[in-house]
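Engineer: below: sequence and its predicted model.
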Amino acid sequence: MSWFERAWNTVRPGRVHRDLDRELAFHVSERADEREAAGMSRDEARRQAHLSFGNYTSQVERTRDMNVSGWLEAIFRDVRLATRTLRKTPAFTATVVLTLALGIGANTAVFSAIYAVLLKPLPFPNGDQLVKIEQTTPKSQDTAVAPPRVEDWNRLNEAFQAVMGYYTQDDSELSGELPEKMKRALITPRFLQVLGIQPMLGRGFTAQEEKFGGPDALIISERLWRRRFGADPNVIGRTLRFGRVSTPIVGVMPSSFLFPDRDVNLWAPSPMDAPYAQNRETGWFTVIGRMKPSVTLTQARANMATVQESLKKQFPKSDGELSVKVEPLKEVTVGGVRRSLWILFGSVSLLLVIACTNIAALLLSRAAGRQHEIAVRFSLGASRAAVIRQLLMEVLLLALAGAAFGLLIAAGASRVFSSLSRDLPRIEEIGIDVRILLYTLASALGATLLCGILPAIQATRRELAGSLASGSRSQVAGGNPVQFVLVGVQVALAVMLLAGAGLLLRSFQELGRVSPGFEPQRVLTFHVSTSWGETSDPKASKQRVNRILDSVRGIPGVVSAATSNFALPGTPVEYQTDLELIEGRGESEPKLRAESRSVTPSYFATMQIPLLSGEVCGDEANPPTMMVNRSFADRYFGGTAVIGHHLLRKQSFIPSTEVRGIVGDARETGLEREPVPTIYWCYGAHQPGTFFLVRTSGDAAAMAETVRKKVREIEPLRSVYELTPLTEHISEAYAENRLRTILLTFFAATAVLLVSLGLYGTMSYLVSVRQREVGLRLALGAMRGQILRQYLAQGLRISLLGCVVGIGLAMASGRLLAEMLFGVTPSDFVTLASVVGVIVAVSVIASLLPAVRASRLEPMQVLREG
Amino acid sequence: MAAKKNDILQGTLGLLVLKTLASNKRLHGYAITAHIQRVSDQLLRVEEGSLYPALHRMEQEGLVRAEWGLTEKNREARFYSLTGLGRKRLLEEEETWTRLTEGVGRVMRYA
């Protein structure tokens, strides 16, 4: 018989039974026929036949035992029994299932994010071969690579299958009713080859299309294909219009292809042979390479260093100071969130441990109530292993039910993560798959052992098993050290979580209290589409920007308007540049290095950054003027002496620029960072990605539509997009911060809830088993207040001990958080003190009810009932 | 209670069943008892209570296979037949049995 049949027999014992019945019935009737033939009466023959068979039913059973494999049946018996037992105590069952659902669900949710973001390879074939290749110079942070260098790297290396580059810009698509903003990735040849993904419809670019002046061609994203073309399979050859040109679509990328980022709508070739792309000194490409299959990262790094070394010799002027950095693309993409996610995973695992400890304590109390049942089973011959198996089976069923509900919670994880942090990388890859299911199953099994083993061992100890004889008239129940240890463990872990959440919350609060040096409220920001090509005519660009600013200023309710290139104040963007002083500077004096912003002169009024001395710059191009902040003036010039000096940015086309005035320090590079020496170029900002900033007298968001209409009136061929209040940008910049703060706070709150339930449960149990003792003491004259204080003190003692351990753990683990804190230290006294306060308050409440119940016992009643 | 002379020695039932099935292709349980009784000239009587558990055990061990079929009297019965494994086991058990009887016989003669 195959194992399958055997298993089937176990599940369907009825079938085996019927088969056997038939077989044995046949035997009996044959025997009866024989007797009848020998001359017996028919009835007598049947009776004899039956008799000769002995005990018919036990025959059936003995034979059946041969069929059904014992252990499998035992398990099913355990399952049936466990289901029955659990059904008898629905409140207990529901509590445990819910607790586990929360614990396992939250755990699976965070794990699914960790798996999708950190563990899974990037969604490209052999994604681990992909690396980002960066150029670094000691002087500037300008890492964009010039076109000839991309081609040199690709040609000269031996470690890569191919090397490619890309950059992005926002365009206006004009074939619809309104200009629509589209994000375009401009790509070098070999882009798709390096990533290893082909269009799902149509084709990649031909060599002709990749040439300067060659035929126009576009590849569009799957999302754009659905939205604009209704997923038309015949989309190839249809066109999109940018400026005066209609460009044919040659391909559609699959929906999983979200590179360089999830907002990209289309890809177009960037010709490497264009006349403007021959300069080695200005670059715009981000470079990605695919290593050869046998090449390691170290080899690739060494090879690229050699390549750059030879370029250095060949082009000392442009490449002399460049060195090359090679980092795995995955690391570059997700490295920033690794710590946050692991910290979340750590805390959510602590939460699961707390939940399990809680359930273990519950089970211990429950097992004590089942002493009698267990003793009966022992006396009927059950082995200890069988009883433990039976008890664990109950917990396993609970854990599996919890895990099933938990999966429902985890299924919503992707949505929670994306609503809390839109910019979390790879967020669209979070989901439930087989691996996540296996993980959930594993956590259910882990939870079963964690919750169940201790209570099962306790419950089946010999002394307890002897309780059948002792009955229930014993006066005083023994101490319950195990339960109290469990409660203490929960408190300690909860304190750890609470301390972490508290520190993050305090950081958040501190961040809100910072005075940033500018006024972020009531500022509306937006973009107007423009291309890099237009920047070649700075005069026209400036006129265009000024025209838009002027018309916006004319709107009632607008106080002032300005632009700032690529960075918004208060968001973490850095752009450090090295400067030369035209007036000359001593060798020994510190090098001039500053954070640099390009703005219109109206920026300072709009952001309310005060003018400290000198005058506000103008936007004339010749000679250009600039402002510096107080830190810059103080650090390099000892104050106002800087005014009237001329600064020149090294290696750039900007002529030397006169410093006109000093403005106050503003936290340009992020609210959590101290202001750094900063310079503001005042010739205006008009590149793609430039932010328009509008100060409004009322609510900024409410002005969005008015502003959009106004800009559209004067720029009908450009799209206006991302009309967003500055405060929202700033809060979005701290979304990851917010994500971990909110989630950790949620975990900590849940932990505190679990702990208070655990303490309450344990104290209630203690009171219930000690009823008679209390009754006796009351009868002998104990004061009710005494009883109340005693139980209250007992509860508090446990939680205070737990607090001490928990604070220790929190301090030890605080180092993990240190980097994410702002304005508080990991051992912040206020935070830790409030944590202890919360725990003590909760403990008092949780032990007060049982303590009051104990003190109100009626001695006579209790003693009589016993 | 006096021991019945025709009770089958513990452990030999399997051998008898295997042997019976080896000489007859397909038999149901009743026929197996009848065969053993007839061939042993009523010396051996198969206890029904032992036969069926034994048959089912042997089926699980893969020594015999069973299928439902009809008897000449059109009754439904479960027919057993020998598998290759069963045939091999029969040879082994026959050998064991021969050695056992020989050994017992010698002891009886000389002890």
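Structural biologist: Structure received. Numbers count the residues shown, from 1 in each chain, chains lettered A, B, ... in the order given.
Engineer: write out the residues of chain B neighbouring chain A.
Structural biologist: Selection of chain B residues close to chain A by Cβ under 8 Å from any Cβ of the partner chain yields B:28-30, B:47-49, B:52-53, B:56-57, B:59-60, B:62, B:73, B:75-78. (Each C-beta comes from the backbone N, C-alpha and C, glycine too.)
Engineer: would you list the buried entries among these?
Structural biologist: B:28-30, B:47-49, B:52-53, B:56-57, B:59-60, B:77-78 (16 or more other Cβ atoms under 10 Å in any protein chain shown).
Engineer: contacting residues for the spatially closest residue to residue B:62 that is not a sequence neighbour?
Structural biologist: Nearest-residue entry for residue B:62: residue B:85, 5.0 Å, with adjacent residues in sequence omitted and distances by Cβ to Cβ, 6 or more residues apart in numbering or on different chains. The contact partners of residue B:85, taken as Cβ atoms under 8 Å, 6 or more residues apart in numbering or on different chains, are B:61, B:62, B:63.
Engineer: now with 10 Å, please.
Structural biologist: For residue B:85, the contact set (Cβ atoms under 10 Å, 6 or more residues apart in numbering or on different chains) comprises B:58, B:61, B:62, B:63, B:64, B:65.
Engineer: widest-spaced pair of the residues you listed?
Structural biologist: Pairwise distances across the contacts of residue B:85 (Cβ to Cβ) peak at 11.2 Å, for the pair B:61 and B:65.
Engineer: Three-state assignment for the closest residue to chain B within the stretch 401-550 of chain A, please.
Structural biologist: Per Cβ to the nearest Cβ, residue A:445 is where the stretch 401-550 of chain A lies closest to chain B, at 30.6 Å. The three-state label given to residue A:445 by DSSP: H, G, I helix; E, B strand; the rest coil is helix.
Engineer: now residue B:101
Structural biologist: helix.
Engineer: so for the one residue sitting closest to the centre of chain B, what's the nearest residue that isn't a sequence neighbour?
Structural biologist: Most central in chain B under Cα atoms, centre = their mean is residue B:17, positioned 1.9 Å from the mean C-alpha point. Once flanking residues are discounted, residue B:17 sits nearest to residue B:32: 6.1 Å by Cβ to Cβ, 6+ apart.
Engineer: what strand or helix carries the one you found?
Structural biologist: Assigned by DSSP states H and E, residue B:32 falls within helix B:29-39.
Engineer: touching, residue A:332 and residue A:260? I think so.
Structural biologist: No. Using Cβ atoms under 10 Å, residue A:332 is not in contact with residue A:260; the gap is 11.2 Å.
Engineer: okay, and the common contacts of the two?
Structural biologist: A:286, A:288.
Engineer: phi, psi of residue A:179?
Structural biologist: phi -60, psi 130 (degrees, to the nearest 10).
Engineer: shouldn't it be in contact with residue A:171?
Structural biologist: Yes. Counting by Cβ under 10 Å, residue A:171 is a contact partner of residue A:179 at 9.3 Å.
Engineer: pLDDT weak spots in chain B?
Structural biologist: By pLDDT under 70, the low-scoring segments of chain B are B:1-11, B:111.
Engineer: the helices in it, which residues?
Structural biologist: For chain B, helices defined by DSSP state H occupy the ranges B:13-23, B:29-39, B:48-61, B:84-110.
Engineer: which one of those helices lies nearest to residue A:829?
Structural biologist: Nearest of those to residue A:829, taken as Cβ to Cβ: helix B:48-61 at 71.9 Å.
Engineer: what is the closest one packed up against?
Structural biologist: helix A:13-37, helix A:42-52, helix A:56-67, helix B:13-23, helix B:29-39, strand B:64-70, strand B:76-82, helix B:84-110 (3 or more Cβ pairs under 10 Å, 6 or more residues apart in numbering or on different chains; DSSP states H and E).
Engineer: now for these, which one comes closest to residue A:497?
Structural biologist: That would be, of the helices and strands packed on helix B:48-61 and by Cβ to Cβ, helix A:13-37, which comes in at 48.4 Å.
Engineer: give me the mean pLDDT for the closest one.
Structural biologist: Averaging pLDDT along helix A:13-37 gives 77.
Engineer: just the buried positions in it, please.
Structural biologist: The neighbour-count check on helix A:13-37 (16+ other Cβ under 10 Å) flags A:16-17, A:19-20, A:23-24, A:26-33, A:35-36 as buried.
Engineer: and the furthest pair within those?
Structural biologist: A:16 and A:36 (30.3 Å).
Engineer: ok so, going back, find residues that contact each of residue A:179 and residue A:171.
Structural biologist: In contact with both residue A:179 and residue A:171: A:242, A:529, A:718, A:719, using Cβ under 10 Å, 6+ apart.
Engineer: among those residues, which ones are in strands?
Structural biologist: residue A:242 (DSSP state E).
Engineer: using JSON lines, lay out the shared contacts of residue A:179 and residue A:171 together with distance to residue B:37.
Structural biologist: Shown next, in JSON lines, are the shared contacts of residue A:179 and residue A:171 (distance: Cβ to Cβ, whole Å):
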{"residue": "A:242", "distance to residue B:37": "101"}
{"residue": "A:529", "distance to residue B:37": "102"}
{"residue": "A:718", "distance to residue B:37": "106"}
{"residue": "A:719", "distance to residue B:37": "101"}
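Engineer: give the buried subset of the shared contacts of residue A:179 and residue A:171 as a PyMOL selection command.
Structural biologist: Under the burial definition 16+ other Cβ under 10 Å, those of these that qualify are selected in PyMOL by:
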select buried, chain A and resi 242+529+718+719
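Engineer: mind listing what residue A:695 touches?
Structural biologist: Neighbour list for residue A:695: A:519, A:521-524, A:553, A:558-562, A:602, A:605-608, A:726 [criterion: Cβ under 10 Å, 6+ apart].
Engineer: do residue A:213 as well
Structural biologist: Residue A:213 makes contact with A:271, A:273, A:274 under the criterion Cβ under 10 Å, 6+ apart.
Engineer: which of those residues has the most neighbours?
Structural biologist: Using other Cβ atoms under 10 Å in any protein chain shown as the neighbour test, the contacts of residue A:213 are led by residue A:271, with 18 neighbours.
Engineer: quick check, that one in contact with residue A:214.
Structural biologist: Yes. With contact defined as Cβ under 10 Å, residue A:271 counts as touching residue A:214 (7.2 Å).
Engineer: skipping its backbone neighbours, what lies nearest residue A:99 in space?
Structural biologist: Nearest to residue A:99 is residue A:355, by Cβ to Cβ, 6+ apart, at 4.9 Å.
Engineer: ignore the last one, residue A:549
Structural biologist: Nearest one to residue A:549, counting by Cβ to Cβ, 6+ apart, is residue A:561 at 4.7 Å.
Engineer: I'd like the mean pLDDT over the host helix or strand of the one you found, please.
Structural biologist: Counting by DSSP H and E, the element that carries residue A:561 is strand A:558-564. Averaged across strand A:558-564, pLDDT comes to 94.
Engineer: tell me the helices and strands packed up against it.
Structural biologist: Judged by 3+ Cβ pairs under 10 Å, 6+ apart, strand A:558-564 is in contact with strand A:523-528, helix A:538-553, strand A:592-598, helix A:603-607, strand A:691-696, helix A:704-714.
Engineer: buried residues of that strand, list them for me.
Structural biologist: Residues of strand A:558-564 classed as buried by neighbour count (16+ other Cβ under 10 Å): A:558, A:560, A:561, A:562, A:563, A:564.
Engineer: can you check stretch A:293-307 too?
Structural biologist: If you call a residue buried by 16+ other Cβ under 10 Å, then stretch A:293-307 has these buried ones: A:295, A:297, A:300, A:301, A:303, A:304, A:307.
Engineer: for stretch A:158-165, same thing?
Structural biologist: Buried residues in stretch A:158-165, counting neighbours by 16+ other Cβ under 10 Å, are found at A:159, A:160, A:161, A:162, A:163, A:164, A:165.
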